[in-house]
Every structure is written in structure tokens, then in C-alpha cells.
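Enquirer: prediction below, plus the sequence it came from.
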Amino acid sequence: MKKLKLAIIAISLTNSLFVFAQKKVALHHNGTTQIFAGIQPLTDAYNAAQSGDTIYVPGGLYSIPTIDKRIALIGTGYFTDSTNATGRTQINGLTIDIGADKSYISGLYIVGNILMNGQAQIDSIKIHRNHITASISYFNADINRPENQKSKGTLIYENRVNVITGENASDLRVFNNVIFNYVAGVKMNGWIRNNTFQLNPSSINITGINESLIENNFFAFGWSSAFNNTFHSNICNFNPTADLQNTYTNTYINQSPTSVFVNWQSPDSYTVDYHLVNPSAFTANNASQIGIFGGYYPFKVGGLSNNPHIGSINISTQTNSNGELPVQIRVTSQND
């Protein structure tokens with residue numbers, strides 16, 4: 001019996017490792033699962049997907065067609081320590097177009113941009129726990145598009161991202177992100193909350209933001225072309241309060257990032273610790289914490305998506321005295 005169990009374990013383990021080695025992508029549809037391998041498994045899985053399906057993508061390098069249907073696209077994560085066992089899911093650019101309303105993008109390392117059609121209305125997109133090396137933005141954006149025809153309900157949260165631009169977004173939500181450069185082009189009803197803005201060469205953190213609520217953030221640099229905004233409970237590495245174009249309340253001025261954060265480095269790296277040295281010294285408007293670890297979506301350092309994740313695999317090189325092969329697999333997940 002022990003030998004039979006060992007054989008079953010060995011076969012299962014071999015199959016699991018083979019699946020990982022072959023970069024097989026899983027498509028979930030109405031309770032059933034279809035596996036895609038080959039040269040372009042993610043492309044094949046996407047082409048077979050129907051609106052409402054979920055695609056799970058293992059570690060590896062992939063490309064994907066333009067997303068023009070409602071899907072959940074979930075990778076293994078991006079953070080180095082969290083993806084030692086699986087490898088990170090890397091995609092070279094991502095485009096979102098008409099028909100992708102209510103799509104969810106999570107756990108990816110994206111080299112380049114996430115681009116959304118700026119001449120269409122694409123509602124309720126969620127971009128969650130990704131590392132985007134360039135921007136999240138709208139291409140060919142029509143800045144004169146009527147407010148009721150702009151994309152609504154876009155939620156960008158818990159990402160590491162270089163630039164966010166919202167020229168075709170109405171009520172854009174930017175929550176709990178590490179932003180290496182700036183947010184731009186949010187013209188009305190934006191909500192920029194609990195982000196940490198890093199240093200950047202252009203010496204701005206926001207530009208072209210109007211009639212929006214900007215609260216509970218850390219700003220390393222200032223802004224330009226920002227009018228009629230409400231700034232509340234922000235920590236700033238400068239003094240913005242002489243600006244008469246916006247409203248400021250409870251602003252913490254001239255706060256050096258090296259004294260605010262446990263371990264601040266610029267440019268950003270995965271070794272930075274964005275926890276506040278003294279959270280009680282900075283009071284947010286809702287009794288929460290200023291910065292990425294407060295608010296509605298506290299930042300998760302591991303950068304994992306919500307699905308169970310293999311954190312480590314340890315396989316013995318030989319059987320024990322009972323003829324068993326010790327295998328240790330640690331599975332973790334990070335909730336919202």
C-alpha cells in the first residue's frame with residue numbers, strides 16, 4: 001500500500017512539475033477547466049475564453065491579444081521573494097478595448113504599458129497588485145469627450161506603476177499604489193488616495209488634475225496645472241499651502257521621506273519599507289493611516305493575487321526509512 005501511495009504521489013508530482021515546466025495556462029469557464037500549452041498558451045486561452053471567464057497564468061513570459069471581452073486575468077505575482085517557486089508572470093504590454101467592461105487584471109509583471117482605448121467607454125476595470133514598468137493610460141484619448149461618455153469606475157489599486165493618466169476616465173480611483181513618477185489628466189471627480197509618490201526627474205507628482213479629492217498620500221515632489229482640488233491629510237516633502245488654486249487641510253509639510261518611512265530609497269526597489277516610522281504622528285481624515293498601508297485597500301508587500309499561491313517547494317533527494325519521499329509545499333494567499 002505504501003508503495004502504491006508513493007507511486008501516486010510521484011506521478012502527481014511529476015505531472016505538476018511538467019505542467020509548470022511547460023507553462024500551461026488554465027481557462028476556467030462555468031466550473032470547468034481547460035488547459036492550454038504550446039507556443040502561445042495565453043493567446044490560445046484568451047481566444048477560447050468567453051465573457052466572464054478566468055484565466056490563470058503561471059510564471060513565464062507571455063503575450064496576449066487586445067482584451068475586448070470581460071475576463072479575469074490572474075498571474076503568480078511580481079514580487080521577487082514571493083515568486084521564487086513559481087516564477088513571476090511577465091507580459092510585454094497589455095491593451096484593453098471595447099467589450100472589456102468589468103475585467104480584472106492581477107498578479108502580473110508588465111513590461112511597458114496597460115493601454116485603454118481613450119475614444120471608447122470601458123467601465124469598471126480593476127487593475128490590482130501588478131508591477132507596471134511604464135504607464136496605465138488611455139491611448140488616443142478624446143479630452144473633449146462628454147463626461148457621461150467617458151470610462152467609469154476604473155479602480156487602480158495596490159500596484160507599483162510609473163505613470164497613471166486618466167484623460168478618458170470619469171470618477172477614476174487611484175488607491176494604495178507606489179507611483180514612481182506622477183498621475184496626470186484627471187479632469188473631474190477623481191479620487192487619489194493612500195498612495196506613495198516616489199522621487200522623479202521631472203519634479204512633479206501630479207499634473208493636470210482638476211476637481212478631485214486627493215487625500216492620505218505621501219508626495220515627494222510638487223505639482224503643476226492642478227486646480228479646484230481638495231487636498232486633505234497628505235504628507236509632503238515640501239510646502240504646497242501657498243498655492244491658492246486648491247484647498248488644503250491637515251497638510252504635513254516639509255517632511256523628509258527618510259524620516260517618514262522605515263526604509264526609504266530612491267529610486268524605488270523591492271527592499272524599500274514604506275511603513276511609517278511613527279504612524280500616530282500623522283492623522284488621516286478617517287482615523288486610518290496615511291500612506292499605502294492605510295485606507296480601503298492596504299498594500300500587500302508580497303504582491304500576490306487572491307488565489308492560492310505556491311510559496312515554496314522542497315523535495316527530498318531520497319526516500320525515508322518508510323519508503324516515503326518527503327515533499328513540502330507551502331501554499332499562501334493574500335486577501336483584499
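Expert: Arrived safely, thanks for sending. Residues are numbered from 1 along each chain as shown.
Enquirer: so what touches stretch 270-288?
Expert: Identification of contacts with stretch 270-288 by Cβ atoms under 8 Å, 6 or more residues apart in numbering yields 79-81, 178, 194, 196, 215-216, 232-233, 235, 250, 252, 259-265, 289-295, 299. Quick note: C-beta positions are derived from backbone N, CA and C, even for glycine.
Enquirer: end to end, how far does that stretch reach?
Expert: Stretch 270-288 has its terminal residues 24 Å apart, counting by Cα to Cα, to the nearest Å.
Enquirer: repeat that for stretch 109-117.
Expert: 21 Å.
Enquirer: same question for stretch 68-77.
Expert: 23 Å.
Enquirer: ok, stretch 180-191 next?
Expert: Across its full length, stretch 180-191 reaches 18 Å end to end, with Cα to Cα as the criterion.
Enquirer: what's the mean pLDDT across it?
Expert: Looking at stretch 180-191 alone, the average pLDDT works out to 93.
Enquirer: report the buried residues of it.
Expert: Counting neighbours by 16 or more other Cβ atoms under 10 Å, one finds that the buried residues in stretch 180-191 are 180-190.
Enquirer: closest one of the residues you listed to residue 74?
Expert: Distances from residue 74 to those, taken as Cβ to Cβ, are shortest for residue 180 (23.9 Å).
Enquirer: in this structure residue 55 contacts residue 70, no?
Expert: No: under the contact definition of Cβ atoms under 8 Å, residue 55 does not touch residue 70, with a separation of 11.7 Å.
Enquirer: neighbour count for those two, which is higher?
Expert: With neighbours defined as other Cβ atoms under 10 Å, residue 55 and residue 70 compare such that residue 55 has more, 22 against 18.
Enquirer: what's the average pLDDT for the helix or strand harbouring that one?
Expert: Secondary structure assignment for residue 55, by DSSP states H and E: strand 53-56. Mean pLDDT, computed over strand 53-56, is 98.
Enquirer: sheet partners, orientation included, of that strand?
Expert: For strand 53-56, the pairing partners within the sheet under DSSP bridges are strand 25-29 (antiparallel), strand 71-74 (parallel).
Enquirer: quick revisit: list the ones among the contacts of stretch 270-288 that fall in helices.
Expert: Among the contacts of stretch 270-288, DSSP state H puts 259-260 in helices.
Enquirer: which of the contacts of stretch 270-288 fall in strands?
Expert: Secondary-structure check on the contacts of stretch 270-288 using DSSP state E: residues within strands are 178, 196, 215, 232, 235, 261-263.
Enquirer: derive a ChimeraX selection command for the buried subset of these.
Expert: To isolate the buried subset of the ones in strands among the contacts of stretch 270-288 in ChimeraX, counting by 16+ other Cβ under 10 Å, use the following:
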select :178,196,215,232,235,261
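Enquirer: the ones in strands among the contacts of stretch 270-288: which two are farthest apart?
Expert: For the ones in strands among the contacts of stretch 270-288, with distances taken as Cβ to Cβ, the pair at the greatest spread is 232 and 263 (26.8 Å).
Enquirer: identify each buried residue in the longest strand seen in the chain, please.
Expert: In terms of residue count, the longest strand belonging to the chain (DSSP E) is strand 131-139. Of all the residues in strand 131-139, those buried under the rule 16+ other Cβ under 10 Å are 131-132, 134-139.
Enquirer: now do that strand, average pLDDT.
Expert: Averaged across strand 131-139, the pLDDT comes to 96.
Enquirer: can you name every helix or strand that it contacts?
Expert: Secondary-structure packing of strand 131-139 (3 or more Cβ pairs under 8 Å, 6 or more residues apart in numbering; DSSP states H and E): strand 109-110, strand 114-117, strand 160-165.
Enquirer: who does the shortest one pair up with?
Expert: Sheet pairing for strand 109-110, assigned by DSSP bridges, gives strand 89-91 (parallel), strand 131-139 (parallel).
Enquirer: same deal with the second one?
Expert: Taking DSSP bridges as the criterion, strand 114-117 forms sheet pairs with strand 94-96 (parallel), strand 131-139 (parallel).
Enquirer: now these as TSV including distance to residue 244?
Expert: As requested, the strands paired with strand 114-117 are exported to TSV (distance: least, Cβ to Cβ, whole Å):
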stretch	distance to residue 244
strand 94-96	38
strand 131-139	30
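Enquirer: which of these sits closest to residue 124?
Expert: Distances from residue 124 to each of those were compared by Cβ to Cβ, and the smallest falls on strand 94-96, at 11.6 Å.
Enquirer: tell me how far the helix or strand that the closest one is followed by lies from the chain's centre.
Expert: Secondary structure here is assigned by DSSP H and E; on that basis, the next helix or strand after strand 94-96 toward the C-terminus is strand 104-106. When distances are taken as Cα atoms, centre = their mean, to the nearest Å, strand 104-106 is centred 8 Å away from the chain's centroid.
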